[in-house]
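A.B. asks: sequence and predicted model, in that order:
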Amino acid sequence: MKVNFDVTPHLEDLWRYSRVLTKNDTDADDLVQEALVRALGLSRTYDASRPLMPWLITIVRNTFFTSAVRADAERRRLAAYAQQCDPLLMPSQEHCAELSNVQRALEGVPSDQAEVLHLVAVLGFTYSDAAAVLGVPVGTVMSRLSRGRTALKLNMEKTNDAARAQLKIVGGRDVAK
């Protein structure tokens, strides 16, 4: 019996999760596409009595870890990062600057912790759902989440300190005269 399921409502969340894993928009697109092809092939194994999203996330995750292009994706991400514009030029809008700072801070968080942060804080997975997707005990999820939050906070503080160090006073009067 063929199971029909609609992945459309989950595409954005799958892409965001893929972006956390790959740290690259193009690679995230490729990962979601490859995972959906696998999901289609595995559709007869899907238990319709269970939520679809964790099943899809598990396929995305397994696809990422079994992919032979993981090392190549990391190399391309680093090359793209190196080609970005001058780091002294801050975005003109505060929210863009803050999102950029969060992205840089998140990239400095170890991937196992960033993965748990994304599943729990962004996608709203429960600890037990995240544990099931990752194949680890709930305690491990809680530990990684705690360490991930701490690392993200420290990285944000470093990013904010670096941004403040780049600020210059323009048009100020010299009070020493």
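C.D. replies: Right, received. Where do you want to start? Numbering: from 1, shown residues only.

A.B. asks: tell me which helix or strand the residue most central in space within the chain sits in.
C.D. replies: Centroid-nearest residue in the chain, with CA atoms, centre = their mean: Val20, separated by 2.0 Å. Val20 is part of helix 11-22 when elements are defined by DSSP states H and E.

A.B. asks: now do the phi/psi pair for Val7.
C.D. replies: phi -90, psi -10 (degrees, to the nearest 10).

A.B. asks: for it, grab the count of nearby residues.
C.D. replies: Residues near Val7, counting by other CB atoms under 10 Å, number 16. All C-beta atoms are positioned from the backbone trio N, CA, C, and that covers glycine.

A.B. asks: next one: phi and psi at the closest residue to the residue nearest to the centre of the chain other than its chain neighbours?
C.D. replies: Nearest residue to Val20 in three dimensions, chain neighbours excluded: His118, at 4.3 Å (CB to CB, 6 or more residues apart in numbering). The phi/psi pair for His118 (degrees, to the nearest 10) reads phi -70, psi -50.

A.B. asks: tell me the pLDDT at His118?
C.D. replies: Note on His118: pLDDT of 87.

A.B. asks: go on, the one 10 residues further on?
C.D. replies: With respect to pLDDT, Ser128 has a value of 94.

A.B. asks: what distance do you get for it to Pro54?
C.D. replies: Distance of Ser128 to Pro54, given as CB to CB, to the nearest Å: 10 Å.

A.B. asks: ok, back up a step: the residue nearest to the centre of the chain contacts Val116, correct?
C.D. replies: No: here Val20 does not reach Val116: they are 10.0 Å apart, not a contact under CB atoms under 8 Å.

A.B. asks: after the helix or strand bottoming out on mean pLDDT in the chain comes which helix or strand?
C.D. replies: When each helix and strand of the chain is scored by mean pLDDT, DSSP states H and E, helix 70-82 comes last, with a mean of 69. Sequence order places helix 94-107 as the next helix or strand after helix 70-82, per DSSP H and E.

A.B. asks: just the CA coordinates for that following helix, please, in PDB.
C.D. replies: Taking C-alpha atoms only, helix 94-107 is exported to PDB below (Å, rounded to 0.1, in the frame of the first residue of the first chain):
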ATOM      1  CA  GLU A  94      20.200  47.000  12.900                       C
ATOM      2  CA  HIS A  95      18.200  43.800  12.500                       C
ATOM      3  CA  CYS A  96      20.400  42.800   9.600                       C
ATOM      4  CA  ALA A  97      23.500  43.400  11.700                       C
ATOM      5  CA  GLU A  98      22.100  41.500  14.600                       C
ATOM      6  CA  LEU A  99      21.100  38.500  12.400                       C
ATOM      7  CA  SER A 100      24.600  38.600  10.800                       C
ATOM      8  CA  ASN A 101      26.100  38.600  14.300                       C
ATOM      9  CA  VAL A 102      23.900  35.600  15.400                       C
ATOM     10  CA  GLN A 103      24.900  33.700  12.200                       C
ATOM     11  CA  ARG A 104      28.600  34.300  12.800                       C
ATOM     12  CA  ALA A 105      28.200  33.300  16.500                       C
ATOM     13  CA  LEU A 106      26.300  30.200  15.600                       C
ATOM     14  CA  GLU A 107      28.900  29.100  13.100                       C
END
